[in-house]
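Engineer: sequence first, then the predicted structure, then my questions.
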Amino acid sequence: MSKIPIAIVGVGNCASSLVQGMSFYGHAPENGAAVGLMHQKVGPYSPNDITVVAAFDVDRRKVGIDLSEAIFALPNCTKVFCKDIAKTGTIVKMGCVLDGVAEHMAAYEPARTFLPLAKESTRERIIAELKDSGAQIMVNYLPVGSEEATRFYVGCALEAGLGLVNNIPVFIASDPVWAKRFEEKNLPIVGDDIKAQMGATVLHRTLVDLFRKRGVKVERTYQLNTGGNTDFLNMLNRSRLASKKESKTEAVQSVIGNRLSPDNIHIGPSDYVPWQNDNKVCFIRVEGRLFGDVPMEIDLKLSVEDSPNSAGVAIDAIRCCKLALDRGKGGVLHSASAYFSKHPAIQLTDDEAYQRVEEFIRGERDS
């Protein structure tokens, strides 16, 4: 039996990087920190202690095949850093589409978008699969804007008795109603909306927090992002972005000191550039005033492979969720959520969140 059996909803680029990482770090030296890991160990758990025992998708190129093959199937386009993935024995099962696939995606070539199967699964089948698989934690990797689909799968997780790591900007951990449901079931939850390892949001937060600490008044700022993966294609439908923009904007506003008016802060996806594939390019600009009311400005460009950047955090969030299960702790894990997510129930500075996560891992803090 796996030490950390998980179920993945959405076998896209982020899931691909996570599964590759579980294998890649299986060969990491125990006596030193492996490159790219925030924690070699989280409690007693290494990255390769995680095993995917159930997986759901709606793309006909992924459903019905072993997860080791599905993570490399189109439209996935992330960097392959560990290609020799052994057969997992976990066959990707058909899920439910609901609002998980935006209508405009049908206008693009199949290599870039989903090819859904006609026959969907049912709530009863998904719950049965979760129970039969022995999964202990659900990891949500649905597309941005999948409000109905996320709530559907989270309901299935609760029914099957699974904890949750919610990596997308649909508000579950930060919604008191959902948080209470997990607390009543004594199941842990980390979320919402994963904060990448070295991503646009954490860099933007660090910059404006530095301004605040150094006495520089932030007057206006923006964050513009482009990418060529399915996530960016999906986000061309602006109606799916309300929660995403709120999540990213609040992550910056929460550490800025004096909050900016909506006209002076713009954070959000900007455009889909197909040839970028899974590479994300981010432009951050911060304008402020320092000593003597003298103006200054910073422009920053970040270029990073989007999905490994996400997986570097998810692999710790999953292990923290498992620690909570081991300790019989249900409800929102506030320290892990504040450190690993853009839209936690309680916003903390990254320094404070880091300290609290370390205390949680050592067992000095309940949540």
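Structural biologist: Thanks, I have it.
Engineer: please count neighbours and contacts with C-alpha atoms only from this point.
Structural biologist: Will do.
Engineer: may I have the worst-scoring helix or strand of the chain on mean pLDDT as CSV, with CA atoms only?
Structural biologist: Lowest on mean pLDDT, DSSP states H and E among the helices and strands of the chain sits strand 265-272, with a mean of 90. Taking Å, rounded to 0.1, in the frame of the first residue of the first chain, the C-alpha atoms of strand 265-272 are listed here in CSV:
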residue,chain,number,x,y,z
ILE,A,265,-3.7,47.5,-9.9
HIS,A,266,-4.0,45.0,-12.8
ILE,A,267,-3.2,41.4,-12.4
GLY,A,268,-4.2,38.6,-14.6
PRO,A,269,-3.6,36.5,-17.8
SER,A,270,-3.0,38.6,-20.8
ASP,A,271,-2.8,36.4,-23.9
TYR,A,272,-2.4,33.0,-25.5
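Engineer: residues in contact with Gln276?
Structural biologist: Gly227, Gly228, Asn229 (C-alpha atoms under 8 Å, 6 or more residues apart in numbering).
Engineer: pretty sure the first one contacts Val281?
Structural biologist: Yes - between Gly227 and Val281 there is a contact at 6.4 Å, judged by C-alpha atoms under 8 Å.
Engineer: between these two, which one's more packed in?
Structural biologist: Gly227 (26 against 20; other C-alpha atoms under 10 Å).
Engineer: pull the contacting residues for that one.
Structural biologist: Shown in contact with Gly227 (C-alpha under 8 Å, 6+ apart): Asp271, Tyr272, Val273, Pro274, Gln276, Asn277, Asp278, Asn279, Lys280, Val281.
Engineer: swap in 6 Å and give it another go.
Structural biologist: If you count contacts by C-alpha atoms under 6 Å, 6 or more residues apart in numbering, Gly227 has them with Tyr272, Val273, Gln276, Asn279, Lys280.
Engineer: list the contacts for the second one?
Structural biologist: If a contact means C-alpha under 6 Å, 6+ apart, then Val273 has Gly227, Gly228 as its contacts.
Engineer: got the residue ranges for the helices in the stretch 101-250 of the chain?
Structural biologist: Ranges of helices in the stretch 101-250 of the chain, per DSSP state H, counting those that start in this stretch, are 123-133, 147-160, 176-184, 200-213, 230-234, 242-253.
Engineer: closest to Lys41 out of those helices?
Structural biologist: Across the helices of the stretch 101-250 of the chain, Lys41 has its closest neighbour in helix 200-213 (22.5 Å, C-alpha to C-alpha).
Engineer: show me what counts as buried in the closest one.
Structural biologist: Ala200, Thr201, Val202, Leu203, His204, Arg205, Thr206, Leu207, Val208, Asp209, Phe211, Arg212 (16 or more other C-alpha atoms under 10 Å).
Engineer: I am finished for the moment; much appreciated.
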